[in-house]
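>>> need the 3D shape of this:
(one chain, ligands or ions: 2)
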Amino acid sequence: MPTQRDYYEVLGVERTASGDEIKRAYRRLAMKWHPDRNPGNTEAEVEFKACAEAYEVLNDPERRARYDKHGHAGLRQTPGHDFRSMHVEDIFSMFQDIFGGMGGGGGGGRRGVARGYDLETEVELTLEEVLTGAEREVEFKRLDVCQTCTGSGAKPGSKPASCPTCGGHGQVQQTGFGGMFRMVTTCPNCRGRRTVITDKCADCRGQGRVPLQRKLSVKIPAGISDGQVVRITGEGEPPPPEVSATGEGPRGDLHVVVRVRDHERFEREGTTLVTVQPIAFAQAALGATIRLKTLDGEHDLVVEPGTQHGDVYPIAGQGLPDLRTKKRGDLNVIMQLVVPRKLTEAQRKLLTEYASTERLNVNRDAPSLWKKVKDTLSG
Ligand SMILES: [Zn+2]
Ligand SMILES: [Zn+2]
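Ligands and ions are numbered 1, 2, ... in the order given. Okay, the predicted model is just below:
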């Protein structure tokens, strides 16, 4: 019986989320709710499995389309896995492409994994911080070696015993398809750890690992873009217990996903910034010097006489820095011609007088717009 909850809500993504966003959300939540990292929390396993179920559906374009159209009822003809009856390790092996390199906590065929889990977290930056670079405190939970039992999982003073099921090999041979072939799988009794614990360490319930809070200062380089990842080597989790009980060996990495908040005055395209500057009709016609706010200061922009609505003035070096070279791009200022909605009596008089002198030749004075009209008609 699948969950009746909304799959987008389970993964915490928008209904318009891309495949990558869904994948990322699932990976993060699977790490968060992994039962190994939430000892004694039965809700975590339920949540972990609900996430797997939601991901399996939303990751399949056809099943996602059915779900979008008809909800849960639309999926009855397209069976998925019953995650509630599956082992956590098997779910990990099933989505190996996502968790690749993270270690699965003892699933079949994963004995070669020597690194710990990679972890993922997010930070949000303002555009001003993208300009200067930023430093962020990140706080996250990671599974670490239990200090009480130094990772063995056995109560201090007691010792783990060699696993009787696999004779301490961590693997067992099984016969498949009526004896046609034999395959080697992870020992179901010790889950590949080679030993079993009779007297469990109370602090980690025999797991050898406990979730620990970790605080870290992370430097985000100037010029970074939304969605880019800063990788902090070795700040992930230690190798899983079946590889190294004491956690020796390379840790996984911490992936810090950068989100850049929208700015009210600037749009960004790579290192280029774009903004809109309102100017009065008279300023556009006569020319003017306008003081405008750049991202990190002010700039006196010389507006040429005869400037048109939509004209672009690039200001060199006032954009964002390139991530590698740190060379700053341009700020493109788009002119927005503002026509006054109300005139004073004096203004009306002057403008009427001006109008009597005006000889506007549309075909000559507005060629760009006429081109646009023609493009629209032919396109
Ligand atoms: Zn312990
Ligand atoms: Zn065993």
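>>> could you pull out the helices in the stretch 151-300 of the chain for me?
281-286 (DSSP state H, counting those that start in this stretch).
>>> which bits of it sit near ligand 2?
163, 165-166, 187, 189-190 (CB under 5 Å from the ion). Glycine gets a C-beta too; all of them are placed from N, C-alpha and C.
>>> mind running it again at 6 Å?
163, 165-166, 170, 187, 189-190 (CB under 6 Å from the ion).
>>> determine the longest helix present in the protein.
In the chain, ranked by residue count with DSSP state H as the criterion, the top helix is helix 42-58.
>>> roughly how far out does it sit from the chain middle?
19 Å (CA atoms, centre = their mean, to the nearest Å).
>>> one step back: tabulate the residues of the stretch 151-300 of the chain next to ligand 2 (CSV), appending pLDDT.
Shown next, in CSV, are those (pLDDT from 0 to 100):
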residue, pLDDT
C163, 90
T165, 88
C166, 88
G170, 83
C187, 82
N189, 83
C190, 82
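>>> one step back: who are the packing partners of the longest helix of the chain?
Secondary-structure packing of helix 42-58 (3 or more CB pairs under 8 Å, 6 or more residues apart in numbering; DSSP states H and E): helix 7-11, helix 19-33, helix 61-70, helix 88-94.
>>> mind checking which of those helices is nearest Y313?
Nearest of these to Y313, taken as CB to CB: helix 19-33 at 36.4 Å.
>>> report the angle between the closest one and helix 61-70.
Helix 19-33 and helix 61-70 are oriented at 90 degrees to each other (axes from the mean of the first three to the mean of the last three CA atoms, to 10 degrees).
>>> contacts for helix 19-33, please.
Contact with helix 19-33 is made by 11-14, 17, 37, 44-45, 47-48, 51-52, 54-55, 58-59, 91, 95, 98-99, 117, 119-120, 141, 257, as judged by CB atoms under 8 Å, 6 or more residues apart in numbering.
>>> over to stretch 206-218?
By CB under 8 Å, 6+ apart, stretch 206-218 touches 36-39, 123, 135-146, 149, 151-154, 197, 200-201, 203-204, 230, 232, 235, 238, 241, 245, 254, 256.
>>> mind giving me the PyMOL select for these, buried ones only?
The PyMOL command for the buried members of the contacts of stretch 206-218 (criterion: 16 or more other CB atoms under 10 Å) is given here:
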select buried, resi 36+37+38+39+123+136+138+140+141+142+143+144+145+146+149+151+152+153+154+197+200+201+203+204+230+232+235+238+241+245+254+256
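>>> neighbours around G208, how many?
By other CB atoms under 10 Å, 30 other residues sit near G208.
>>> if we can go back for a sec, least confident of the helices and strands packed on helix 42-58, on average?
Mean pLDDT per stretch puts helix 88-94 lowest among the helices and strands packed on helix 42-58, at a mean of 73.
>>> whether that helix contacts ligand 2 - can you check?
No. Using CB under 6 Å from the ion, helix 88-94 never reaches ligand 2; the gap is at least 13.9 Å.
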